[in-house]
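**Q** take a look and give me a structure for this.
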Amino acid sequence: KIKLPKKTARRYPAYELYLYGEGNYAEENKNLLLTGIPVLFLPGNAGSYKQVRSLGSIALRKAEDVDFKYHFNFFSVNFNEELVALYGGSLQRQTKFVHECIKVILKLYRDQEFAPSSVTIVGHSMGGLVARALLTLKNFKPELINLLITQATPHIAPVMPLDRYLTDFYTAVNNHWILKAQDLRNLTTLSVAGGFRDYQVRSGLAFLPRLSQHDSALSVVSSAVPRAWASTDHLSIVWCKELILATIRAFFDLIDENTRQITEDPKKRMSVLNHHFVRHPAKMFEENPEAFTNLTGAFMWITVKGSKWTYSVYNDSDGKYFAFPLASHRKSYSHVYCENSMLDTSSWIFGCMNTNSSMCLEAADLSWRAELLPTTKVVMLKLLDYPSLSHIVIQVPPAAGNKYTLGCEFFKEDSRTVQLPVTHLFSFGLSSSKILLNSTGLLHNVQLQHFNQIYQAFKISIDSHCQSLKERKPSVYRLHIPWSYEDSITVAKVPSLAEISAKLHIAQPHNDSSLAELIIYSSPDCQYEVILKTSLLQVLGQIVRFHADAFPVYIVSNILLTYGGQLSTLRSTGQCSDFSLELVRAAKPYKVEPLISIVVFLHGFNWFREIWESLSLPEVDAAILSSQDAWFPLVSLILFLFGTGIAYWSGVFFSTSLRLFSSLWLTLIRPTEFEKDKLITPRRLCGMISLALVSWTTCGAFAVLIIYLQYLFKVLKGLTFCICHSKETSQNSRTHTVKAQSSVDSIPEAAQSPSNSKTLAEAVNSLKMHITILNLFTWIVLLNLPSLIYWLKNLRYNVRLDPDPCRSTAVILVCILEILMNSSSSEVKSSKLLKIAAKVPLPLSVAMLAFGRMHLYRVPHFVTFSLLLHVLCCFV
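**A** Purely as a prediction, here's the structure:
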């Protein structure tokens, strides 16, 4: 643990700074006489500072390999495992604390010979956003950070926008990076996303905002990172060995030999990151590789005149040079493709510049044009780009005990490129697109036409057939997305049937006309049949991946429509309908969806946007998503139906649970007679004021939880009364039997006993209404839960949550629910305002879906307004 200045420690009592070490290295650095390169790790949402261990440990092993000529000091911040992805009130505090930590870290090196002037930051999840937010601080010097690497960080928008502090923080950070892009040229940023296995942060959110003037930022998906080629979940991206190795190798390649710190040259930083995270040529990084080399050594020179060539090496004692004259191929072919299964880092392919009859005197090293794949390294050259080359030369060194194969072929690009139109979304997997690749070449390129939207998802089957059963090298299938670094690679034995999932993390930009490609690095003498089908399950998966955060809005909207339907039934018949029956009747998508779709359509016209802005109305969330290509008309309908299903089954579960608890209560305590109380009494007024004070002085969500539990207790008490008295009535009348019920929606209607029927009927009607309100209120409690958890974790540091996203809402809700829990249906159904109260939930549901989809913190406001009208119905 690093001792912080007293002022900093007092201001941020929950936060700490640590230095990582192990073994002798840890003992040597206890006195903090550091000589390495500082790297600061920032954990994410509920993340531990101990997650730095993977980076620190592998960096230490790498330093030992170079005899500590260079080494890194890894620092880590303890953010007390705060839920910053769900509660944004502490993000600004965390950002300011990191600024103080950077000052403290740099002071530790002040008297060293090679003292650093900047710190490298690695941020996981929300830690990466906090690192970006440093640049928004007024007194922060941008030169204090030279390199920022983020792991699974949602840069574009919050995963769950549960409070306005979170959305405001995002807006401030992203706007600053757009407006101040010119000032960020000296900061190199790499964002690594986890791919489809990361169910918490979809990779589309982890792509840094695209800026034409900002060329020092790079965004990649882990499945496209060389030597990793794998998707990671949200936590394992921190300790995924392949990604950690790529990161540490990049760190050591970024060191400037003169300063013994991370290089100050932005171009070198970008070239190193591209080398390790985008395109690895299967060679050690060199900043300025030699352009030409002399091919020396007593190797045998062999001229290859054919257009196709393969060679297997096994225990060859003599080295060889294979020379391919280009003059005879330039007229017939456009490209040359070569592959080598020896995955060492030496140069192996050259371009001959000066020849005589027997050997090449001077050659250009073309190995830097190669690309590393899981089982081979490949290079493809366009002959027109190399007019001065006379030969391509493949070097085969002596192989002691090694077995590998090489291959080259000349081809016309058109002959190896085929186009495959993807199946329509509404084919539902019943139809397919097929293509048979009969060529015996080493490379095939299948272009996928019209594959450019995030809601498209396909299952691609590749069936390979070979003429003979001899042992062959595996085939590599690469799904290449040209507009972003999100490629995925599959290795398959030959012959075999391989299946690939094809779906996108981000949609194709409007100014991009390139096509997604399936590149097949094939085995010669094999046929490949490619079959593409729409995968309905994966299409739904894409909708959930991109829009799952909107489920609470659609669920609450359905419950609110049901609530309005119950009020309407109460007004027309005097009886409150069951929740499940009313949900089926009232929650119809055609009541809310058309209006939103019309507004989104009109938002495409400038005149409508001007009128909309003049009315100071917030932008419709669906219009924002539509501009980001993350929206299409059926999405909202599917989400609404999902919301209906979840609302129905959650209602059944909620009702069943209430009945179960009331039955248990009935076995312990006999309920008292049903008494109709006044809505407001001095005792309740005192309780209301007390909870309002609790909300204002401690935490709003805490007060909301207390009133929720109080309401729950009241409903359980009323339910116990109904169950008990309905049983007594049925036993006395002996005219019918009441069956055991599994849901409150089927609470028995009052038996026709003259003395009891009116009281029991009123209690049952009131209870049905209260359960719907409680169901609605449950979701408000859940949406406010993160701020409550944050407050409880930090209670020892501060009694009052500041800032509190639901303080004012909590005060209003406390007053409303204190009155509502004591109200009855008889007071409401005679109200003059009931007609308005019954109709308001519909426009509120429309408004909720229009403005709450990307702003979940607005949902309680709409519900509160509806409940406020219900309260007024009790008095007017």
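
**Q** tell me where the stretch 551-700 of the chain has helices.
**A** With helices called from DSSP state H, counting those that start in this stretch, the stretch 551-700 of the chain shows them at 551-573, 579-586, 593-602, 606-614, 621-627, 633-668, 682-697, 700-733.

**Q** what's the closest of the ones you listed to I178?
**A** Of all the helices of the stretch 551-700 of the chain, it is helix 621-627 that lies closest to I178, at 15.3 Å by CB to CB. Bear in mind the C-beta positions are built from the backbone N, C-alpha and C, glycine included.

**Q** relative to L273, how far out is Y485?
**A** Relative to L273, Y485 is positioned 11 Å away (CB to CB, to the nearest Å).

**Q** give me the common contacts of those two.
**A** L218 (CB atoms under 8 Å, 6 or more residues apart in numbering).

**Q** what's the domain layout of the protein?
**A** For the chain, the TED database gives the domain ranges 6-278, 292-413, 416-542, 549-727+758-874.

**Q** any idea of the mean pLDDT in the second one?
**A** Just to be clear, that refers to domain 292-413. For domain 292-413, the mean pLDDT works out to 86.

**Q** which one of the helices of the stretch 551-700 of the chain is the most hemmed in?
**A** Of the helices of the stretch 551-700 of the chain, the one with the most neighbours on average (mean count of other CB atoms under 10 Å) is helix 551-573, at a mean of 24.

**Q** and the spatially closest residue to R185 that is not a sequence neighbour, how many neighbours?
**A** Once flanking residues are discounted, R185 sits nearest to S216: 5.7 Å by CB to CB, 6 or more residues apart in numbering. By the criterion of other CB atoms under 10 Å, S216 has 19 neighbours.

**Q** all helices for the stretch 701-850 of the chain, in order.
**A** 757-793, 807-820, 825-829, 834-839, 841-851.

**Q** packing partners for the fourth one?
**A** Just to be clear, that refers to helix 834-839. helix 551-573, helix 859-873 (3 or more CB pairs under 8 Å, 6 or more residues apart in numbering; DSSP states H and E).

**Q** ok so, going back, show me what contacts the residue nearest to R185?
**A** The neighbours of S216, taking CB under 8 Å, 6+ apart as the test, are L184, R185, N186, L187, T188, T189, P266, R269, M270.

**Q** related to what we said a few turns ago, same list (the helices of the stretch 701-850 of the chain) but as JSON lines, adding mean pLDDT, mean neighbour count and distance to C722.
**A** Formatted as JSON lines, these follow (pLDDT from 0 to 100; neighbours: other CB atoms under 10 Å; distance: least, CB to CB, whole Å):
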{"stretch": "helix 757-793", "mean pLDDT": "88", "mean neighbour count": "21", "distance to C722": "5"}
{"stretch": "helix 807-820", "mean pLDDT": "91", "mean neighbour count": "22", "distance to C722": "18"}
{"stretch": "helix 825-829", "mean pLDDT": "81", "mean neighbour count": "20", "distance to C722": "13"}
{"stretch": "helix 834-839", "mean pLDDT": "90", "mean neighbour count": "18", "distance to C722": "23"}
{"stretch": "helix 841-851", "mean pLDDT": "93", "mean neighbour count": "21", "distance to C722": "26"}
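
**Q** okay if I get these as TSV plus distance to K434?
**A** Compiled in TSV, the helices of the stretch 701-850 of the chain are given as follows (distance: least, CB to CB, whole Å):
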stretch	distance to K434
helix 757-793	48
helix 807-820	57
helix 825-829	64
helix 834-839	55
helix 841-851	41
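
**Q** returning to that earlier point: let me have the helices and strands packed on helix 834-839 in a markdown table, extended by distance to Y70 and mean pLDDT.
**A** Converted to a markdown table, the helices and strands packed on helix 834-839 look like this (distance: least, CB to CB, whole Å; pLDDT from 0 to 100):
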| stretch | distance to Y70 | mean pLDDT |
| --- | --- | --- |
| helix 551-573 | 49 | 93 |
| helix 859-873 | 53 | 92 |
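
**Q** could I get those as JSON lines with distance to S614?
**A** Shown next, in JSON lines, are the helices and strands packed on helix 834-839 (distance: least, CB to CB, whole Å):
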{"stretch": "helix 551-573", "distance to S614": "27"}
{"stretch": "helix 859-873", "distance to S614": "23"}
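
**Q** among these, which is nearest L19?
**A** Proximity to L19 (CB to CB) singles out helix 551-573 among the helices and strands packed on helix 834-839, at 41.5 Å.

**Q** alpha carbons of that closest one, as PDB, please.
**A** Only the C-alpha atoms of helix 551-573 are listed here, as PDB (Å, rounded to 0.1, in the frame of the first residue of the first chain):
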ATOM      1  CA  PHE A 551     -36.400  -4.700 -20.900                       C
ATOM      2  CA  PRO A 552     -37.300  -2.800 -17.600                       C
ATOM      3  CA  VAL A 553     -38.900   0.000 -19.600                       C
ATOM      4  CA  TYR A 554     -41.100  -2.400 -21.600                       C
ATOM      5  CA  ILE A 555     -42.000  -4.500 -18.500                       C
ATOM      6  CA  VAL A 556     -43.000  -1.400 -16.500                       C
ATOM      7  CA  SER A 557     -44.900   0.000 -19.600                       C
ATOM      8  CA  ASN A 558     -47.000  -3.300 -19.700                       C
ATOM      9  CA  ILE A 559     -47.700  -3.100 -16.000                       C
ATOM     10  CA  LEU A 560     -48.700   0.500 -16.300                       C
ATOM     11  CA  LEU A 561     -51.100  -0.200 -19.100                       C
ATOM     12  CA  THR A 562     -52.600  -3.000 -17.000                       C
ATOM     13  CA  TYR A 563     -52.900  -0.600 -14.100                       C
ATOM     14  CA  GLY A 564     -54.800   1.900 -16.300                       C
ATOM     15  CA  GLY A 565     -57.100  -0.900 -17.500                       C
ATOM     16  CA  GLN A 566     -57.900  -1.900 -13.900                       C
ATOM     17  CA  LEU A 567     -58.800   1.700 -13.100                       C
ATOM     18  CA  SER A 568     -61.000   1.800 -16.200                       C
ATOM     19  CA  THR A 569     -62.800  -1.500 -15.300                       C
ATOM     20  CA  LEU A 570     -63.300  -0.200 -11.800                       C
ATOM     21  CA  ARG A 571     -64.900   2.900 -13.100                       C
ATOM     22  CA  SER A 572     -67.200   1.100 -15.600                       C
ATOM     23  CA  THR A 573     -68.200  -2.000 -13.500                       C
END
